[in-house]
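Asker: Here is the input, now give the coordinates:
(2 chains)
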2 protein chains.
Amino acid sequence: MVQKKRKLGRGVAVVGAGLSKFGAYPKGVRGHDLFVEAYNELRGSVDKGFAPKDIDAFYLGDISSDLFERQVHVAPTAAGRIGLVPIPTVRFEDACAASGVAFREGVIAIASGIYDIVLVGGIEKMTNLDTAHVTEVLASALDPDTEIPSGETFPGIYATIATAHMAKYGTTEEDFMRLGIKNHHNGGLNPKAHFDVSIPEFMKRRAASAAKKGLPEPHWADEMDFLHDPAQNPIIGWPMRLFDCSTICDGASAVLLVAEDIAKNFTDKPIYVIGTGQASDYFLAEREDMTSIKAAKLAAKQAYEMAGISPQDIKLAEVHDCFTIAEILAMEDLGLYKPGEAVKAIREGENRLDGKLPINMDGGLKSKGHPIGASGVGMIVEIFKQMREEAGPRQVKKKDIDLGLMHNVGAHGSTVVVNIFQRR
Amino acid sequence: MVQKKRKLGRGVAVVGAGLSKFGAYPKGVRGHDLFVEAYNELRGSVDKGFAPKDIDAFYLGDISSDLFERQVHVAPTAAGRIGLVPIPTVRFEDACAASGVAFREGVIAIASGIYDIVLVGGIEKMTNLDTAHVTEVLASALDPDTEIPSGETFPGIYATIATAHMAKYGTTEEDFMRLGIKNHHNGGLNPKAHFDVSIPEFMKRRAASAAKKGLPEPHWADEMDFLHDPAQNPIIGWPMRLFDCSTICDGASAVLLVAEDIAKNFTDKPIYVIGTGQASDYFLAEREDMTSIKAAKLAAKQAYEMAGISPQDIKLAEVHDCFTIAEILAMEDLGLYKPGEAVKAIREGENRLDGKLPINMDGGLKSKGHPIGASGVGMIVEIFKQMREEAGPRQVKKKDIDLGLMHNVGAHGSTVVVNIFQRR
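Answerer: Residues are numbered from 1 along each chain as shown, chains lettered A, B, ... in the order given. Okay, here's the model as predicted:
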């Protein structure tokens, strides 16, 4: 591929956003039921209101309702449940980047002139299966000729990437743990997060448990010991432990995309989409470098060029932390930090809510949860809330949050999509 | 949905097309292997040639590699096999309309200005499963709250629709059979068809079998008896018999889409996309009328309006005959014939290759085969070949074939996409 300069024929903005509560729901709850919840929050967020009948198309990301729910053709089903029939409905699958890609395609469709208003959503209902079977389903997004027959799974793949990063840059287990703590802290401030327990609350529970055992009250600063304790934080695929892995859960997400020229009819505070990029890659063994994801670099380059900005302009980001190591790769591949230097920022707390460059303000996939198809659009929901200063207790306080970025990875980087947002 | 007048910001044309041989392949052959075959035919069809590195994106339709092949994320895998990495790759799923929708989205993407050249493909590898399990997989495209739990399957659904059509319009079993004969005749002239046996060859085989049994040589005109014989043509869901059902098979399809302004760089004979429409619908029990598919009417209306033509302008069509009754619905829903009048045309042979309005020149899903994800783009491959007069022994001979239409149905019409093509 020649990296052509990409541009869109028409501007696009996000004017509404909603999320279901992420978590484990009973088997009788279906993905489209959660989508109704996300859509209802979205409806309330469009401050000047909108008529559902004006929606021109519905784009939905979903990795595998097929294997999780024995259901295909989920797009018209979900659309039917919220009264959108007979508009065109399309399901997108690009592994864990399903709804990030659906969003990009929604932007493209509005830019083409065929639609003015597109509802973009994401759904996944994973917990009908147990963890082993979920892991097997997800592993089917790996390469079918080389990786699947070798019995590869994602914890194994990302463990391999993590050890390569440790070997090359001196990244430590504690660096991964620090990321997990940051993301759990943020998720604790997010009522929609799967792990919505705040660190003070978590410490209260730990104190109670210690008192019961006659042990001294633990202090949060000692929690590294907790994370090093294999009984509390078992190794999944060294160096990735339980607290390095995103959560398997159910959830749905939704955003309303409209043409820039009509955005102010919906809200006085649209968030504009100013850049988008997407790229693909081969399986792991074919890659030149294990410590970075080439498709992420290419997608980011396209998005920055379209937006006419550089990585240093980004004020906050939602990145794809399916494992803690993946957040480090993202920070470096997106050019937010030089290769090997993300860990320095992590150690200095630079990516906390009150830091220089907040990342994964909603808790990330680690703590908000990773209902696969819902994750990409879920990140955009957070960018939208943060840039409109509607994120409640986890609101980033600095005033210059005019440029935000989302980064959504499919599989081990065989798809990556990056979208850039602006508040004007 | 308000039926707005849809238009695209930029013209789009098809400049190349290819198909794998449709049929039952061994388990070791994967969907992406068949796609390589389709792509290779496509490469040969672009008469002025093209550089694969100039392709900007790859859009792929596939209903459920998940359930058929235990594989998700098939788009970058297929792209990798033909050297297209690192371009963006996207998989679309809209039940049996998967690649018809992928094609429409490719048109939209080029119209947006973000891409100039998009490869659109379709893949399905179904025969790893036996017929009962394939039927079960396909049934998962029905409504998950009402139809799936009731044990509905597609033969049952279309049988219901067929009896409703018989009751309302007097359509007969023989009308369905006539459609099957026409489509098997056409498929017999198509070396890529699953049932690529010509009617003379079929009669030769029948004569040999009759001779062995000491019976008189059968004549083709007596074949209605053959079709009425439950031993030869068992009832699947009355009035739909074996010869009314499309075939379960494996296959792949590919077309190369480019912006109109550069089309002549690839070929002197581009086929232009001048209209596209898409709509959705609820499950069967929610519909007002069982003898027509509303989403098909809406999609067709959009496509005709965008093209600025009326149904009477269409010179040839590829329609979604998953069952013979579906071809009748298509003929009426697309406005090619008035409700209840398609059968008159069928009885008079109007839709044969030498008729007034040839339909399913390649044998249709009935005889060419219905590898689900490949079917929509497979229809476009045929339109492309016919309009360029490159369809060999099944070439439509009349000279005015300047406007063609494809109609691709997902499930029982919960998605329908229609695309209209022009030769200039």
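Asker: For the stretch 201-350 of chain A, what lies in contact range of chain B?
Answerer: Counting by C-beta under 8 Å from any C-beta of the partner chain, the stretch 201-350 of chain A comes close to chain B at A:Gln278, A:Ala279, A:Ser280, A:Asp281, A:Tyr282, A:Phe283, A:Lys294, A:Ala295, A:Leu298. C-betas here are computed from N, CA, C, even on glycine.
Asker: what about the residue of the stretch 201-350 of chain A found nearest chain B, neighbour count?
Answerer: Here the stretch 201-350 of chain A gets closest to chain B at one residue, A:Gln278, 3.7 Å apart by C-beta to the nearest C-beta. The number of residues packed near A:Gln278 is 30, by other C-beta atoms under 10 Å in any protein chain shown.
Asker: just checking, it is part of a strand?
Answerer: Yes. According to DSSP: H, G, I helix; E, B strand; the rest coil, A:Gln278 belongs to a strand.
Asker: per-residue pLDDT, the closest residue to it other than its chain neighbours?
Answerer: Closest residue to A:Gln278 apart from its sequence neighbours, by C-beta to C-beta, 6 or more residues apart in numbering or on different chains: B:Pro88 at 3.7 Å. For B:Pro88, the model assigns a pLDDT of 98.
Asker: Next, find the distance separating B:Pro88 from B:Gly61.
Answerer: B:Pro88 sits at a distance of 16 Å from B:Gly61 (criterion: C-beta to C-beta, to the nearest Å).
Asker: Next: A:Phe323.
Answerer: Plainly put, A:Phe323 is 31 Å away from B:Gly61 if you go by C-beta to C-beta.
Asker: who's more crowded, the two?
Answerer: B:Gly61 (32 against 29).
Asker: where do the strands sit along the stretch 251-400 of chain A?
Answerer: Residue ranges of the strands in the stretch 251-400 of chain A, as given by DSSP state E, counting those that start in this stretch, are A:271-280, A:316-318.
Asker: hmm, back to that, beta partners for the residue of the stretch 201-350 of chain A closest to chain B?
Answerer: Taking DSSP bridges, one obtains A:Val417 as the residues bridged to A:Gln278.
Asker: Could you check how many residues crowd around A:Pro200?
Answerer: A:Pro200 has 11 neighbouring residues, counting by other C-beta under 10 Å.
Asker: measure it to chain B for me?
Answerer: Shown here: A:Pro200 relative to chain B, a distance of 40 Å by C-beta to the nearest C-beta, to the nearest Å.
Asker: Now name the helix or strand holding that residue.
Answerer: Counting by DSSP states H and E, the element that carries A:Pro200 is helix A:199-212.
Asker: ok, the residue of the stretch 201-350 of chain A closest to chain B to B:Asn186 distance?
Answerer: From A:Gln278 over to B:Asn186 the distance is 40 Å, taken as C-beta to C-beta.
Asker: Ok, A:Thr160 next?
Answerer: A:Thr160 is 52 Å from B:Asn186, where distance means C-beta to C-beta.
Asker: Tell me the gap between stretch A:215-230 and the middle of its chain.
Answerer: Stretch A:215-230 has its average C-alpha position 29 Å from the chain's average C-alpha position, going by C-alpha atoms, centre = their mean, to the nearest Å.
Asker: what's it in contact with?
Answerer: Applying C-beta atoms under 8 Å, 6 or more residues apart in numbering or on different chains, the contact partners of stretch A:215-230 are A:173-174, A:177, A:180-181, A:199, A:203, A:206-207, A:210-211, A:232-233, A:241, A:243.
Asker: quick one on the thing from earlier: now the helix holding A:Pro200 - C-alpha only, CSV.
Answerer: Extracted in CSV, the C-alpha atoms of helix A:199-212 (Å, rounded to 0.1, in the frame of the first residue of the first chain):
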residue,chain,number,x,y,z
ILE,A,199,-9.5,1.7,45.4
PRO,A,200,-10.6,3.1,48.8
GLU,A,201,-13.5,0.7,48.8
PHE,A,202,-11.2,-2.1,47.7
MET,A,203,-8.8,-1.2,50.6
LYS,A,204,-11.8,-1.2,53.0
ARG,A,205,-12.7,-4.7,51.9
ARG,A,206,-9.0,-5.8,52.2
ALA,A,207,-8.8,-4.3,55.7
ALA,A,208,-11.9,-6.2,56.8
SER,A,209,-10.5,-9.4,55.4
ALA,A,210,-7.2,-8.8,57.1
ALA,A,211,-8.9,-8.0,60.5
LYS,A,212,-10.8,-11.3,60.2
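Asker: Please point out which parts of that helix sit buried.
Answerer: If you call a residue buried by 16 or more other C-beta atoms under 10 Å in any protein chain shown, then helix A:199-212 has these buried ones: A:Ile199, A:Phe202, A:Met203, A:Arg206.
Asker: The nearest residue to the second one once chain neighbours are set aside: neighbour count?
Answerer: The reference is to A:Phe202. Spatial nearest neighbour of A:Phe202, chain neighbours left out: A:Gly188 (7.1 Å); criterion: C-beta to C-beta, 6+ apart. Residue neighbour count, defined by other C-beta under 10 Å, stands at 21 for A:Gly188.
Asker: now A:Lys356
Answerer: A total of 12 residues lie near A:Lys356 under the criterion other C-beta under 10 Å.
Asker: How about the contacts made by it?
Answerer: Neighbouring residues of A:Lys356 by C-beta under 8 Å, 6+ apart: A:Ala345, A:Glu350.
Asker: Could you check the pLDDT of it?
Answerer: For A:Lys356, the pLDDT comes out at 97.
Asker: and if you look at A:Lys7?
Answerer: For A:Lys7, pLDDT reads 76.
Asker: Spit out the contact partners of the residue of the stretch 301-424 of chain A found nearest chain B.
Answerer: Using C-beta to the nearest C-beta, the single residue of the stretch 301-424 of chain A nearest to chain B is A:Ser414, 4.3 Å away. Going by C-beta under 8 Å, 6+ apart, A:Ser414 touches A:Ala95, A:Ala141, A:Asp143, A:Ser280, A:Asp281, A:Tyr282, A:Phe283, A:Ala295, B:His73, B:Pro76, B:Thr77, B:Gly80.
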